[in-house]
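# Here is my input, please return the structure:
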Amino acid sequence: MHHGVDRNPIIVIPWLLGSRLRDPASGQIVWGAFDGIAADPGTATGARLVALPFTEAMQIPGARVTPDGVLDRLQLRVAGIELALPAYAEILSTLGLGGYRDEALGLAGRGAEADLATLMPDVASAEERRRLALALQARLLHRARAFAAAMDQPAALPRGTELMLVAGDSMPTALRLSAASDGRLTQIASGPGDGVVLRDSVLLDERQGQDPRPPRVMSRMGFDRALFLPREHLEITRDATFRNNILFWLLEERGS
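Residues are numbered from 1 along each chain as shown. From the prediction side, this is the model:
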């Protein structure tokens with residue numbers, strides 16, 4: 001296996017749903033195990049492990065939770081039968097075939113009073129707990145808006161970097177939701193995607209919502225190529241076409 005200086009490095013970013021989190025003090029898995037061994041947010045202890053601290057000075061167990069690797073498989077138990085569904089196992093397996101190796105690199109709702117009391121047992125006043133919850137929510141929304149604004153800014157790619165997108169585009173995927181007064185969400189429109197992520201979202205396509213829709217992609221992402229597969233979100237990396245193309249792009253294709 002060739003390991004020259006021009007070999008393409010790989011960084012796998014699993015995001016929230018593909019990450020495993022652990023409490024280093026107790027060894028308890030907080031997120032990334034769905035067979036009953038992870039922290040249960042339905043209990044007071046589990047809720048404090050899953051929750052973010054409401055202030056920087058507030059020391060709760062959730063403040064010390066750390067990443068513990070990529071969630072490669074979902075371990076489930078259905079009617080007493082243990083099942084293992086691949087999450088990031090297939091992409092990690094594909095990179096392994098190429099010679100790559102892993103290196104460690106609605107709080108404000110009126111019905112939340114009991115949950116807030118569980119999460120903030122040292123704060124006696126319900127009004128103060130609600131104030132802290134609203135303040136945290138405001139900070140998180142501010143960060144979310146700042147992140148969205150940063151993602152919209154044009155950026156020059158480092159020299160020699162190419163963007164290659166892989167996405168699903170054959171399954172109805174939620175495009176637009178409506179919110180009822182009680183907080184319930186109802187899907188009112190769908191678009192092509194992989195059942196989880198819209199095709200337009202992958203492409204950062206600004207045609208989304210336009211009527212009539214222009215014929216060509218309008219994206220500021222500056223990607224070099226895209227591969228679309230008729231697969232569900234978790235099935236994409238199991239597809240043989242995905243494996244063939246990703247290894248060709250990484251290992252064999254001549255640079256432009």
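# Please count neighbours and contacts with C-alpha atoms only from this point.
Will do.
# how does this protein divide into domains?
1-105, 108-153, 164-252 (automatic domain parsing).
# mean pLDDT for the ones you listed: which is lowest?
Ranked by mean pLDDT, the domains of the chain bottom out at domain 1-105, which scores a mean of 65.
# what about the strands in the stretch 151-256 of the chain?
For the stretch 151-256 of the chain, the strands defined by DSSP state E, counting those that start in this stretch cover 164-168, 171-179, 185-193, 225-229.
# how about the helices in the stretch 1-150 of the chain?
Ranges of helices within the stretch 1-150 of the chain are 44-50, 89-97, 113-119, 126-151, based on DSSP state H, counting those that start in this stretch.
# which of these sits most buried?
The highest average neighbour count among those, using mean count of other CA atoms under 10 Å, belongs to helix 44-50 at a mean of 19.
# Tabulate the CA atom coordinates of that helix in CSV.
Once non-C-alpha atoms are left out, helix 44-50 reads as follows in CSV (Å, rounded to 0.1, in the frame of the first residue of the first chain):
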residue,chain,number,x,y,z
ALA,A,44,-32.8,12.9,37.1
THR,A,45,-29.2,11.5,36.9
GLY,A,46,-29.4,10.8,33.2
ALA,A,47,-31.0,14.2,32.4
ARG,A,48,-28.1,16.0,34.2
LEU,A,49,-25.6,14.0,32.1
VAL,A,50,-27.3,14.9,28.8
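# which strands and helices sit next to it?
strand 29-31, helix 113-119 (3 or more CA pairs under 8 Å, 6 or more residues apart in numbering; DSSP states H and E).
# and these as JSON lines, adding distance to A44?
Output for these, formatted as JSON lines (distance: least, CA to CA, whole Å):
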{"stretch": "strand 29-31", "distance to A44": "13"}
{"stretch": "helix 113-119", "distance to A44": "6"}
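# closest one to A39 among those?
strand 29-31 (4.7 Å; CA to CA).
# What are the buried residues along the closest one?
By neighbour count on 16 or more other CA atoms under 10 Å, the buried set for strand 29-31 is I29, V30, W31.
# from those, which single one is nearest Q153?
W31 (31.9 Å).
# Wait, the closest one touches P41, no?
No. With contacts counted by CA atoms under 8 Å, W31 stays clear of P41, the gap being 10.3 Å.
# overlap in contacts of those two?
Common contact partners of W31 and P41 (CA atoms under 8 Å, 6 or more residues apart in numbering): V50.
# if we can go back for a sec, take the helices of the stretch 1-150 of the chain and lay them out in a markdown table including distance to S170.
Converted to a markdown table, the helices of the stretch 1-150 of the chain look like this (distance: least, CA to CA, whole Å):
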| stretch | distance to S170 |
| --- | --- |
| helix 44-50 | 35 |
| helix 89-97 | 20 |
| helix 113-119 | 40 |
| helix 126-151 | 26 |
